[in-house]
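Participant: Next one to model:
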Amino acid sequence: MIGHEQNGKRHSRMTIFFTSDTHFDDARRIKIDRRPFASIDEHDAALIARWNAVVGADDDVYHLGDFTAARKDARVSELLATLNGRKHLIIGNNDPPTTIENKGWASVAPYQEFEIDGRRIILCHYPFRTWHDMGKGAIDLHGHSHGRLKEATRQYDVGVDVFDYQPVTLETILSSKRKKPME
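Facilitator: The predicted model follows:
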(Lines give C-alpha, C1' and ligand atoms only; values in the text may rest on other atoms or scores of the structure.)
Protein backbone atom coordinates (compact mmCIF):
# COMPACT_ATOMS: atom_id res chain seq x y z
CA MET A 1 0.00 0.00 0.00
CA ILE A 2 1.22 3.44 -0.82
CA GLY A 3 0.07 6.24 1.43
CA HIS A 4 -0.07 9.90 0.56
CA GLU A 5 -0.99 13.09 2.28
CA GLN A 6 -3.40 15.44 0.58
CA ASN A 7 -4.86 18.60 2.08
CA GLY A 8 -3.39 17.64 5.46
CA LYS A 9 -5.15 14.27 5.56
CA ARG A 10 -3.46 10.89 5.34
CA HIS A 11 -4.83 8.53 2.67
CA SER A 12 -4.01 4.90 1.92
CA ARG A 13 -4.46 3.66 -1.61
CA MET A 14 -3.47 0.53 -3.42
CA THR A 15 -1.35 2.31 -6.07
CA ILE A 16 -1.05 5.85 -7.39
CA PHE A 17 -0.38 6.37 -11.10
CA PHE A 18 0.45 9.41 -13.21
CA THR A 19 -0.07 10.13 -16.89
CA SER A 20 -0.70 13.01 -19.25
CA ASP A 21 -1.48 13.97 -22.83
CA THR A 22 -3.64 11.03 -23.85
CA HIS A 23 -5.42 13.29 -26.36
CA PHE A 24 -8.25 10.80 -26.92
CA ASP A 25 -10.32 11.59 -30.03
CA ASP A 26 -7.64 13.88 -31.50
CA ALA A 27 -6.40 12.34 -34.77
CA ARG A 28 -3.89 15.18 -35.24
CA ARG A 29 -1.79 13.80 -32.36
CA ILE A 30 -0.86 10.68 -34.35
CA LYS A 31 1.07 12.78 -36.86
CA ILE A 32 2.16 15.65 -34.60
CA ASP A 33 3.59 13.32 -31.94
CA ARG A 34 4.52 10.50 -34.34
CA ARG A 35 2.42 8.04 -32.41
CA PRO A 36 2.59 4.51 -33.89
CA PHE A 37 -1.10 4.06 -34.68
CA ALA A 38 -2.87 3.88 -38.03
CA SER A 39 -6.04 5.66 -36.86
CA ILE A 40 -7.47 7.52 -33.90
CA ASP A 41 -9.71 4.52 -33.16
CA GLU A 42 -6.63 2.27 -32.94
CA HIS A 43 -4.85 4.92 -30.83
CA ASP A 44 -7.71 5.28 -28.37
CA ALA A 45 -8.26 1.51 -28.07
CA ALA A 46 -4.54 0.94 -27.41
CA LEU A 47 -4.33 3.68 -24.76
CA ILE A 48 -7.45 2.36 -23.02
CA ALA A 49 -6.11 -1.22 -23.07
CA ARG A 50 -2.69 -0.15 -21.75
CA TRP A 51 -4.29 1.98 -19.00
CA ASN A 52 -6.56 -0.86 -17.87
CA ALA A 53 -3.71 -3.39 -18.00
CA VAL A 54 -1.85 -1.56 -15.22
CA VAL A 55 -4.53 0.35 -13.27
CA GLY A 56 -6.97 -1.46 -10.97
CA ALA A 57 -10.38 -0.35 -9.77
CA ASP A 58 -9.03 0.83 -6.39
CA ASP A 59 -6.06 2.74 -7.80
CA ASP A 60 -5.75 6.51 -8.20
CA VAL A 61 -4.64 8.05 -11.49
CA TYR A 62 -3.55 11.66 -11.74
CA HIS A 63 -4.01 12.75 -15.35
CA LEU A 64 -1.88 15.85 -15.86
CA GLY A 65 -3.94 17.38 -18.63
CA ASP A 66 -4.95 17.11 -22.28
CA PHE A 67 -7.27 14.16 -21.70
CA THR A 68 -9.52 14.32 -24.77
CA ALA A 69 -10.54 16.59 -27.62
CA ALA A 70 -14.15 15.39 -27.23
CA ARG A 71 -16.62 18.24 -27.03
CA LYS A 72 -19.59 16.10 -25.99
CA ASP A 73 -20.13 15.31 -22.33
CA ALA A 74 -21.39 11.82 -23.20
CA ARG A 75 -18.08 10.93 -24.88
CA VAL A 76 -16.00 12.23 -21.95
CA SER A 77 -18.23 10.24 -19.56
CA GLU A 78 -17.83 7.14 -21.74
CA LEU A 79 -14.03 7.43 -21.71
CA LEU A 80 -13.87 8.00 -17.95
CA ALA A 81 -16.19 5.03 -17.30
CA THR A 82 -14.06 2.79 -19.55
CA LEU A 83 -10.81 3.58 -17.73
CA ASN A 84 -9.99 1.81 -14.45
CA GLY A 85 -9.34 3.63 -11.18
CA ARG A 86 -10.30 6.88 -9.51
CA LYS A 87 -9.31 9.62 -11.93
CA HIS A 88 -8.03 13.05 -10.94
CA LEU A 89 -7.56 15.78 -13.53
CA ILE A 90 -4.85 18.40 -13.43
CA ILE A 91 -6.16 20.75 -16.12
CA GLY A 92 -4.22 21.08 -19.39
CA ASN A 93 -4.33 23.67 -22.14
CA ASN A 94 -6.36 21.36 -24.43
CA ASP A 95 -9.01 20.31 -21.92
CA PRO A 96 -12.38 21.74 -23.01
CA PRO A 97 -15.17 22.53 -20.52
CA THR A 98 -16.77 19.15 -21.27
CA THR A 99 -13.65 17.50 -19.83
CA ILE A 100 -13.07 19.86 -16.91
CA GLU A 101 -16.70 19.87 -15.76
CA ASN A 102 -17.36 16.13 -16.16
CA LYS A 103 -18.67 14.41 -13.01
CA GLY A 104 -16.48 11.34 -13.67
CA TRP A 105 -13.41 12.95 -12.12
CA ALA A 106 -12.70 12.33 -8.43
CA SER A 107 -11.05 15.79 -8.38
CA VAL A 108 -10.15 18.60 -10.78
CA ALA A 109 -7.48 21.26 -10.19
CA PRO A 110 -4.98 23.33 -12.17
CA TYR A 111 -2.16 22.43 -9.74
CA GLN A 112 -1.66 20.10 -6.81
CA GLU A 113 0.95 19.16 -4.21
CA PHE A 114 1.08 16.18 -1.89
CA GLU A 115 3.44 13.62 -0.42
CA ILE A 116 3.94 10.00 -1.40
CA ASP A 117 6.12 7.95 0.94
CA GLY A 118 7.72 11.11 2.32
CA ARG A 119 8.45 12.63 -1.11
CA ARG A 120 6.94 16.02 -1.98
CA ILE A 121 5.25 15.84 -5.39
CA ILE A 122 4.28 18.90 -7.44
CA LEU A 123 1.69 18.30 -10.20
CA CYS A 124 0.91 20.66 -13.06
CA HIS A 125 0.26 20.20 -16.77
CA TYR A 126 3.08 22.62 -17.54
CA PRO A 127 6.75 22.02 -16.72
CA PHE A 128 8.22 24.53 -14.30
CA ARG A 129 11.60 26.17 -14.39
CA THR A 130 11.47 26.25 -10.57
CA TRP A 131 8.86 24.87 -8.18
CA HIS A 132 7.85 24.85 -4.53
CA ASP A 133 10.40 23.07 -2.30
CA MET A 134 12.64 22.42 -5.30
CA GLY A 135 15.71 22.98 -3.10
CA LYS A 136 14.32 20.55 -0.52
CA GLY A 137 14.00 17.64 -2.96
CA ALA A 138 10.45 18.15 -4.25
CA ILE A 139 9.68 16.39 -7.53
CA ASP A 140 7.95 18.15 -10.44
CA LEU A 141 5.67 15.93 -12.51
CA HIS A 142 4.20 17.46 -15.66
CA GLY A 143 2.93 16.83 -19.16
CA HIS A 144 2.56 19.23 -22.09
CA SER A 145 5.98 18.77 -23.70
CA HIS A 146 5.43 15.26 -25.15
CA GLY A 147 8.94 14.15 -24.24
CA ARG A 148 10.62 16.96 -26.18
CA LEU A 149 11.84 19.04 -23.24
CA LYS A 150 15.21 18.61 -21.58
CA GLU A 151 14.23 17.96 -17.98
CA ALA A 152 15.71 19.60 -14.92
CA THR A 153 16.83 17.55 -11.91
CA ARG A 154 13.82 15.89 -10.22
CA GLN A 155 11.54 16.96 -13.10
CA TYR A 156 9.65 14.35 -15.10
CA ASP A 157 7.31 14.43 -18.07
CA VAL A 158 4.71 11.76 -17.29
CA GLY A 159 3.02 11.93 -20.69
CA VAL A 160 2.05 8.85 -22.65
CA ASP A 161 4.62 9.75 -25.32
CA VAL A 162 7.35 9.19 -22.72
CA PHE A 163 6.00 6.16 -20.85
CA ASP A 164 4.83 3.64 -23.44
CA TYR A 165 1.28 5.02 -23.71
CA GLN A 166 0.23 4.06 -20.19
CA PRO A 167 0.02 5.44 -16.65
CA VAL A 168 3.08 4.87 -14.45
CA THR A 169 3.89 4.82 -10.74
CA LEU A 170 6.26 7.21 -9.03
CA GLU A 171 8.70 4.31 -8.59
CA THR A 172 8.72 3.74 -12.37
CA ILE A 173 9.13 7.45 -13.03
CA LEU A 174 12.05 7.81 -10.65
CA SER A 175 13.83 4.73 -12.03
CA SER A 176 13.33 5.76 -15.67
CA LYS A 177 16.10 6.78 -17.98
CA ARG A 178 13.70 8.84 -20.13
CA LYS A 179 12.68 5.76 -22.11
CA LYS A 180 11.18 6.17 -25.54
CA PRO A 181 7.77 4.57 -26.05
CA MET A 182 7.17 1.26 -27.83
CA GLU A 183 10.84 0.15 -27.75
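
Participant: If you count neighbours, what's buried in stretch 130-150?
Facilitator: By neighbour count, and taking 16 or more other C-beta atoms under 10 Å as the criterion, the buried residues in stretch 130-150 are Trp131, Met134, Ala138, Ile139, Asp140, Leu141, His142, Gly143, His144, Ser145, His146, Gly147. For glycine as for every other residue, the C-beta is placed from the backbone atoms N, C-alpha and C.

Participant: Regarding it, how distant is the last residue from the first?
Facilitator: Distance across stretch 130-150, first residue to last, is 14 Å (C-alpha to C-alpha, to the nearest Å).

Participant: avg pLDDT for it?
Facilitator: Stretch 130-150 carries an average pLDDT of 94.

Participant: Can you give the contact residues for that stretch?
Facilitator: In this structure, residues lying in contact with stretch 130-150 by C-beta atoms under 8 Å, 6 or more residues apart in numbering are 18-21, 33, 62, 64-66, 92-93, 113, 119-128, 152, 154-159, 161-162, 170, 173-174, 178, 180.

Participant: Buried among these? Need that as a selection in ChimeraX.
Facilitator: To isolate in ChimeraX the members of the contacts of stretch 130-150 that are buried, counting by 16+ other C-beta under 10 Å, one can use:
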select :18,19,20,21,33,62,64,65,66,92,113,120,121,122,123,124,125,126,127,154,155,156,157,158,159,161,162,170,173
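
Participant: What segments of this protein are helices?
Facilitator: Along the chain, counting by DSSP state H, helices occupy 28-32, 40-54, 73-82, 97-100, 170-175.

Participant: So for Met14, which of the ones you listed sits nearest?
Facilitator: Each of the helices of the chain was checked against Met14 via C-beta to C-beta, and the shortest separation belongs to helix 40-54, namely 11.8 Å.
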